Each structure stands twice: as C-alpha cells, then as structure tokens.
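Asks: One predicted model, sequence on top.
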Amino acid sequence: IFMEMYLSMNYHVVNRYYADVFAITETWLSNGEKDNFIRSQICPNGYKMLDVPRTGRRGGGVAVVFKQNLTVAQQKMNKVSSFEGMEVLVSAGKEVIRLCVLYRPPTGSKSSQPVSVFIDEFYAYIDSHTTTSGKLLVVGDFNFHMGDVGSQDSKKLLDTFDCLNLRQHVHTATHEKGHILDLVLTRCEELDLADLEVGAPVISDHSVISLSLPVGKPPTSYKTITSRNYKDIVISSFCQDIENSRLYSDESEDIDKLVDTYNAVLSDILNKHAPERVKKVAERKKAGWYNSSIRSEKQARRRAERKW
C-alpha cells in the first residue's frame, strides 16, 4: 500500500487494508521524541513503523509501516537536495524487496529544486542500485503530471525511466484534480505486480494505491494472551482466605505499606483460586466492517438471549 499521510485517517486505513507493508509520504513528523505519541497512534497492534522526517522545516517526511512478523531493515541513503526518501529491505519467504519511498516537493514550493536537478539525482540514485541486492520497488509522490502528454517535464522523466530500465505501473489519476502524481516503479521484467488499484481520495487529496507482490507469504504472527477462569472460584473459600489473610491482622499505620499488602495479598489469593493461563494465538485479519458499535449490539443480543 502506498499513500500520502493524513494522521487523522491513517490508523483506519491500516486497519481497513490490513496490508503487509504501507509506504507513506508527507508524514509531517518531526525529529526526536516530540511526535512519538503520533507515531504510536498510526500503528495498530501487530505493526511497526520506520520514518525519516524532514529536517529544517515543517512538512514532508516519509515512512514505512509494516507487520511486525516481517523482517524489515532500513538502509542508508545518500543525501540529495531535490527529494526526500527512505529505503528498506523487506524479506518475505525467499524473496527480498528493496522498497524505496520518495517524495518530491511540488515545483515552485520552498523546498523544491529545478526539475533538471531532480532528474540528475534520481538517475544517480537508481543507477547506484545496479548491483545491490533485492528486487527494486520504488513508490512515491513525484509531483509530475504524468497524464499530461504535452508536459515536457513529464516526458523527460519518462525518458529517464526508459534509460534506467524502469516500468511505471500507475495509469489512472491519483489526485483529486485528475493528475497522476503518485507512481509505482519496478525494473522491467523483474517484479510482476498484481491487483494494482487506485482508490478514490478520502480526506487526503491523494488516493491510496494498493498492489500485490508475487512473494512468499510471511510467517504467521502470534500474540500472547492471559486469562483466568473466574467461574471456577468457590466464593465461600475465596472469602475465607481473605478473612484469614494479613489484611485482618496487619496493624501498620503506614499507608504505602498497607496498599502494598492489600495488592500483594489479593493477588496471591486470586492466583490460588483462578491462576493466570498464558497461551499464544495466531493474529487474524480483522473484518473491515466490524466495529465497536456492532460489538455492543452483539453483546446486547446475547444478554437478551440469556433472558429468553
């Protein structure tokens, strides 16, 4: 999945598509710990995030959100002036994908460079990967009007793709104004992409682009859960253990000590009558239509059934 970042919707997009990897542009995140809370809110359970914020001014930034059962290693990128980017190696089965996420600021913005500078730097960047490992997948917001047949800038970029043996896979508008700004690139005959879809813009003025890669299925992700069988507790025996405990004999006047005693004694008694059970369960895909409202209605239905 590749998309432009809008923090208010990103958590729900990740939950809806449940993709293995999300590539994101324009994160608007800052360096340091200032935006760590926002980073945590982007990732549902079972996902991790790597990002490269813009330095020196607000805006920009790129990120990759991925399932934690994947092996994803961030790679070093040489500094360039005309675009922002990050690069990761994604291992899935026997395949290794070199995912490059790029964002080029629009022409005329304070952060932009001339088109000629971008094309030179982009060419040098891709050419440097001639002998690197991993099958190349480049996604990003290039901010070229690729659907405009009269655009000389777009023609120069397409010529550059040809020189680099790159294939561009997006051929429908990715922006609400009808432009193809967001691109997906692979080396010709190296990766066979499938099910590429461009969704309608939602909140963002850019679309979500989804696609499938012909790689092995990642290993099943497991999570650890704990539970207690409270139904097996014999109330009379439970109450008797509380009456015979230190809670009735401790005459300390130290509030902190009394609180510690209270917590320790009740935990011990609870563990005696309903010990914790720990088990690993496979994480399953969440249905996109299932939400808290539906869950509440199902709980109400069960209560009504028990009364009946």
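Replies: That came through, no problem.

Asks: Cys104 - how many residues pack around it?
Replies: Slight slip there: residue 104 is Arg, not Cys. Burial of Arg104 is recorded as 25 neighbouring residues (other CB atoms under 10 Å). For every residue, glycine as well, the C-beta is placed using N, CA and C.

Asks: List the contacts of it.
Replies: Arg104 makes contact with Ser82, Phe83, Glu84, Ser112, Phe118, Gly140, Asp141, Phe142, Asn143, Phe144, according to CB atoms under 8 Å, 6 or more residues apart in numbering.

Asks: And the helices in the stretch 1-150 of the chain, which stretches?
Replies: Assigned helices in the stretch 1-150 of the chain, in chain order: 7-17, 36-42, 115-127 (criterion: DSSP state H, counting those that start in this stretch).

Asks: what's the model's confidence in stretch 101-119, averaged?
Replies: For stretch 101-119, the mean per-residue pLDDT is 94.

Asks: from what I can see Val139 touches Leu185, true?
Replies: Yes - the criterion here is CB atoms under 8 Å, and Val139 meets it with Leu185 at 7.4 Å.

Asks: between the two, which one's more packed in?
Replies: For Val139 versus Leu185, neighbours defined as other CB under 10 Å are more numerous around Val139 (27 against 21).

Asks: how close does the more buried one sit to Asn165?
Replies: According to CB to CB, to the nearest Å, Val139 stands 17 Å off from Asn165.

Asks: after the lengthiest helix in the chain comes which helix or strand?
Replies: In the chain, assigned by DSSP state H, the helix with the most residues is helix 255-273. Note on helix 255-273: by DSSP states H and E, the next helix or strand toward the C-terminus is strand 277-282.

Asks: Would you mind pulling up the elements that the following helix or strand past that next one packs against?
Replies: Using DSSP H and E, the helix or strand that follows strand 277-282 in sequence is helix 292-307. Under the contact criterion of 3 or more CB pairs under 8 Å, 6 or more residues apart in numbering; DSSP states H and E, helix 292-307 touches no helix or strand at all.

Asks: Numbering from 17 from now on, please.
Replies: Okay, using 17 as the starting number, the last item reads as helix 308-323.

Asks: which residues touch stretch 245-264?
Replies: Here stretch 245-264 makes contact (CB under 8 Å, 6+ apart) with Thr277, Tyr278, Val281, Leu282, Ile285, Lys288, His289, Ala290, Arg293.

Asks: For that stretch, list the C-alpha coordinates in PDB.
Replies: What follows is stretch 245-264 as a C-alpha-only set of coordinates in PDB (Å, rounded to 0.1, in the frame of the first residue of the first chain):
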ATOM      1  CA  ASN A 245     -11.300 -18.900  34.800                       C
ATOM      2  CA  TYR A 246     -13.300 -16.900  37.300                       C
ATOM      3  CA  LYS A 247     -16.200 -19.300  37.100                       C
ATOM      4  CA  ASP A 248     -14.200 -21.900  39.000                       C
ATOM      5  CA  ILE A 249     -13.800 -19.700  42.000                       C
ATOM      6  CA  VAL A 250     -15.600 -21.000  45.100                       C
ATOM      7  CA  ILE A 251     -16.900 -17.800  46.700                       C
ATOM      8  CA  SER A 252     -17.000 -19.100  50.300                       C
ATOM      9  CA  SER A 253     -13.500 -20.500  50.100                       C
ATOM     10  CA  PHE A 254     -12.300 -17.200  48.500                       C
ATOM     11  CA  CYS A 255     -13.800 -15.100  51.200                       C
ATOM     12  CA  GLN A 256     -12.400 -17.400  53.900                       C
ATOM     13  CA  ASP A 257      -8.900 -17.000  52.600                       C
ATOM     14  CA  ILE A 258      -9.300 -13.200  52.700                       C
ATOM     15  CA  GLU A 259     -10.500 -13.300  56.300                       C
ATOM     16  CA  ASN A 260      -7.500 -15.500  57.300                       C
ATOM     17  CA  SER A 261      -5.000 -13.200  55.500                       C
ATOM     18  CA  ARG A 262      -2.800 -10.400  56.800                       C
ATOM     19  CA  LEU A 263      -5.400  -7.900  55.700                       C
ATOM     20  CA  TYR A 264      -7.200  -8.600  59.000                       C
END
